[in-house]
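**Student:** Using only what follows, build the 3D model:
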Amino acid sequence: MAYHMGTKLVQAEPFKQGTGEDGYKVVYPDGYERWFYKDVFEAAYMKVAPNSNLKTDKPSISQQMVDAFIRETQVVTMGEKTTVVRAVLANGFEIVESSSCVSAENYDETLGAQICMKHIKDKVWMLLGFLLQTAVHGIKLEEK
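**Tutor:** Residues are numbered from 1 along each chain as shown. Prediction:
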């Protein structure tokens, strides 16, 4: 058997199974319904919602989602004028960014970390956008 990966946009609501176990009722785009255990569902799906500032009522990425997806950061000064920031995301993926200044006397780790975090958050926006695009439209590879 070969491995396959994918992602889907589903509708879900908390729902107790007949045995009283916490879980989610999940409805797929084709109408298929399924019940998932709470921990299984929450490990596989993250909530998305429409952004009221946009012209559509379709789900979108928000600043809150981006911030919540960054679980841990580590800031290190390397040498006399370089800041390196490592961010661990909710799925375990890591992003590393760096910033440097020209003169060591102008170095400020806090400013360097702010610059790095802006770059990291921009990448998380892109990655979550890619994930949502895939969930909404699927993967359509052409055979070669």
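**Student:** what about Val85, neighbour count?
**Tutor:** Neighbours of Val85 under the rule other C-beta atoms under 10 Å: 22. (C-beta placed from N, C-alpha, C; glycine too.)
**Student:** ok, now which ones touch it?
**Tutor:** Thr73, Gln74, Val75, Val76, Val96, Glu97, Ser98, Ala113, Cys116, Met117, Ile120 (C-beta atoms under 8 Å, 6 or more residues apart in numbering).
**Student:** could you redo those residues as TSV and give each row distance to Arg34?
**Tutor:** As requested, those are exported to TSV (distance: C-beta to C-beta, whole Å):
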residue	distance to Arg34
Thr73	36
Gln74	39
Val75	43
Val76	45
Val96	38
Glu97	39
Ser98	44
Ala113	43
Cys116	41
Met117	38
Ile120	35
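**Student:** Nearest to Leu54 among these?
**Tutor:** Among these, Ile120 lies closest to Leu54 (C-beta to C-beta), at 23.4 Å.
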